[in-house]
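need coordinates for the below:
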Amino acid sequence: MIIENFYEEEIFKKIFNLINTDYPFLKTYQPQTWKNINRMDGYPCYETDILTPENFIFKEFVKTFQEKTLFKIKLLKTLIRKTYKNELLEGRKNKKIFKPHQDEGFDLAGVIYFNSKHLNDGTVIFSNQKPSIIVGSQPNRCVYYNCLQWHQPNIFQELDVRIIQPFFITLIK
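The predicted model follows:
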C-alpha cells in the first residue's frame with residue numbers, strides 16, 4: 001500500500017530537519033543477520049539507533065500510521081537510514097549486493113522516503129522471486145507491505161545520498 005503525504009507538511013519538515021541536525025549515523029550494512037562479512041558484501045548503509053517510544057519521530061509515526069491505516073500498532077521498530085550511491089556502485093561492481101529478502105518476525109514492513117523523487121531510489125516488490133512492482137521514491141511517501149513479501153531497495157540509486165525511515169510493525173489483533 002502507498003500513502004502519499006504521510007506526515008503533515010510541518011511535521012515532515014521538522015523530522016527532516018532533525019534527521020539532518022540531531023541524529024548520529026553509524027556505518028553498518030543490511031541484513032545485519034549476516035555476520036562477519038565486509039559491509040560491501042551486503043547493502044552498505046548508515047543508520048541511527050532504533051528510535052524509542054519517547055522519541056518525537058517514533059510518536060509521530062505511530063499517531064500518523066494509525067490514523068491513516070486504522071491499524072493498531074502493538075510493536076514498532078523504526079530508525080533512519082542513509083545510503084550513498086558511491087558505495088552501492090562499488091557493491092554492484094563487485095557483484096556483491098543486497099538481495100531480495102523478507103522481514104520475518106513482524107506483520108508489516110515499509111519505508112518513508114525523505115529526499116528523493118525517482119524510480120531508482122524506490123523499492124522493488126517481488127512475486128515468485130521475480131520483480132513485479134517498483135515503487136518510486138517521493139518525499140513523504142510511505143509504502144508498506146506484508147513482512148513476508150519479498151522486496152529490496154532499488155540498487156540503481158540516483159541521488160548521492162538517499163534518506164529513508166524503514167519500519168517494522170506488529171499489529172494488535
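
ranges for the helices of this structure?
Secondary structure of the chain by DSSP state H: the helices cover 9-21, 56-69, 85-93.

export these to JSON lines and tack on mean pLDDT and distance to residue 150?
Glycine gets a C-beta too; all of them are placed from N, C-alpha and C. Output for those, formatted as JSON lines (pLDDT from 0 to 100; distance: least, C-beta to C-beta, whole Å):
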{"stretch": "helix 9-21", "mean pLDDT": "96", "distance to residue 150": "28"}
{"stretch": "helix 56-69", "mean pLDDT": "98", "distance to residue 150": "22"}
{"stretch": "helix 85-93", "mean pLDDT": "79", "distance to residue 150": "19"}
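
which stretch among these comes nearest residue 172?
helix 56-69 (9.9 Å; C-beta to C-beta).

export that closest one as PDB, just CAs?
What follows is helix 56-69, C-alpha atoms only, in PDB (Å, rounded to 0.1, in the frame of the first residue of the first chain):
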ATOM      1  CA  PHE A  56       9.400  12.600  18.500                       C
ATOM      2  CA  ILE A  57       9.700  10.700  15.200                       C
ATOM      3  CA  PHE A  58       8.500   7.500  16.800                       C
ATOM      4  CA  LYS A  59       5.500   9.200  18.400                       C
ATOM      5  CA  GLU A  60       4.500  11.000  15.100                       C
ATOM      6  CA  PHE A  61       4.900   7.800  13.100                       C
ATOM      7  CA  VAL A  62       2.600   5.800  15.400                       C
ATOM      8  CA  LYS A  63       0.000   8.600  15.500                       C
ATOM      9  CA  THR A  64       0.000   9.100  11.700                       C
ATOM     10  CA  PHE A  65       0.200   5.400  10.700                       C
ATOM     11  CA  GLN A  66      -2.800   4.500  13.000                       C
ATOM     12  CA  GLU A  67      -4.800   7.500  11.700                       C
ATOM     13  CA  LYS A  68      -4.200   6.800   8.000                       C
ATOM     14  CA  THR A  69      -4.500   3.000   8.100                       C
END
